[in-house]
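> prediction below, plus the sequence it came from.
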Amino acid sequence: MEVIILATPADVCATAAAIVANCVRQKADAVLGLPTGETPKPFYAALIELKLDLRRVTTFNLDEYVGLSEDHPKSFHRYMRDHFLDRAEVGAAHLLDGLVADLALECARYEAAIAAAGGMDLVVLGLGTEGHIGFNEPTSSLSSRTRLKTLTRATLARAGIAAHETRHAITMGISTILGARRCLLIACGAAKAPAVAAMIEGPLTALVPASALQQHPRTTVVVDEAAAQALKRKDYYREVFAGKPAWQRQRDGT
Ligand code: F6R
């Protein structure tokens with residue numbers, strides 16, 4: 001796991017956009033996994049600023065709430081239109097449909113679509129305060145595939161969703177995420193510090209779903225100083241990143 005600690009959320013999002021841009025420049029028909037949430041908003045803005053040619057790119061969002069209409073202000077369909085898809089010409093954008101009657105079938109369809117696209121080249125992830133990636137809440141199976149999850153009260157409250165609106169989401173599973181050829185996780189702010197420390201320096205455990213990224217051969221974690229504050233080995237991560245060979249920086253877009 002590569003850990004990059006930067007000064008501000010703007011730095012984190014600019015670096016994440018540069019990594020995605022590098023991936024697309026290397027592979028014009030790249031397949032990307034994409035997050036929603038507060039953290040990635042400046043990331044999408046930075047990506048749009050780069051004016052990349054995304055016409056052959058395919059995207060798959062990580063998750064969607066069950067039962068929220070596509071126009072609901074909190075739906076991820078709406079979020080993606082507002083923050084990215086209406087402002088960039090993306091080849092094919094896929095989102096899970098949380099309105100269908102047969103959610104299990106929808107999840108299976110999504111898995112098949114990712115496989116048919118050749119798998120994800122790069123998945124961009126945010127991090128929940130309790131360590132979730134996608135909506136894989138604590139105790140999610142590390143072998144999980146796309147499926148329905150019940151969201152914790154903390155997750156719903158953080159997203160500003162009332163329990164009567166929905167308590168469920170469908171989400172790529174942890175195994176689905178780990179199937180991507182590269183993972184990039186971004187986290188900012190002091191509220192994320194305990195989850196960042198547990199993900200990087202804690203044991204591999206389903207109680208901290210993001211710790212599953214320790215198993216992935218190519219994961220980059222980019223955090224700001226506030227989110228990094230509980231890490232014990234900050235100096236070590238800085239030393240390793242400062243010594244990263246130029247050819248690896250070029251390959252990775254870092
Ligand atoms: C959303 C998602 C979630 C968020 C996480 C952090 O698509 O997959 O895992 O990335 O809840 O959200 P923010 O950035 O709002 O703190």
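Great, that's in hand.
> what mean pLDDT does stretch 84-92 have?
Across stretch 84-92, the average pLDDT comes to 98.
> for it, which positions count as buried?
Within stretch 84-92, the residues that count as buried by 16 or more other C-beta atoms under 10 Å are 84-85, 88, 90. No exception for glycine: its C-beta is placed from N, CA and C like everyone else's.
> please flag which of those sit within helices.
Among the buried residues of stretch 84-92, no member falls in helices (DSSP state H).
> between those, which sits nearest the ligand?
Phe84 (12.2 Å; C-beta to the nearest ligand atom).
> off-centre distance for the host helix or strand of Lys149?
Element membership of Lys149, judged by DSSP states H and E, is strand 147-150. From the chain centre to the centre of strand 147-150 is a distance of 17 Å (C-alpha atoms, centre = their mean, to the nearest Å).
> list phi and psi for the closest residue to Glu49 other than its chain neighbours.
Leaving aside its chain neighbours, Glu49 sits nearest to Ala17 (7.7 Å; criterion: C-beta to C-beta, 6 or more residues apart in numbering). Phi and psi for Ala17, reported as degrees, to the nearest 10, are phi -60, psi -40.
> Ala17 and His72: what is the separation?
27 Å (C-beta to C-beta, to the nearest Å).
> more neighbours, the two?
Ala17 (23 against 17; other C-beta atoms under 10 Å).
> measure the more buried one to Asp11 for me?
11 Å.
> tell me the average confidence for stretch 51-58?
98.
> buried ones in that stretch?
Buried residues in stretch 51-58 (16+ other C-beta under 10 Å): 52, 54, 57-58.
> just curious, which of these is nearest to the ligand?
Thr58 (17.3 Å).
> bridge partners for that closest one, pull those for me.
Val31, Ala92 (DSSP bridges).
> my read: it touches Ala113, true?
No - proximity of Thr58 to Ala113 does not meet the contact threshold set by C-beta atoms under 8 Å, at 9.1 Å.
> need the residues touching each of those two.
His94 (C-beta atoms under 8 Å, 6 or more residues apart in numbering).
> pull the number of nearby residues for whatever residue of the stretch 101-250 of the chain ends up closest to the ligand.
The stretch 101-250 of the chain approaches the ligand most closely through Gly126 (2.2 Å), counting by C-beta to the nearest ligand atom. When neighbours are counted by other C-beta under 10 Å, Gly126 registers 21.
> go ahead and confirm it touches Leu34.
No - with contact defined as C-beta under 8 Å, Gly126 does not reach Leu34; the gap is 10.1 Å.
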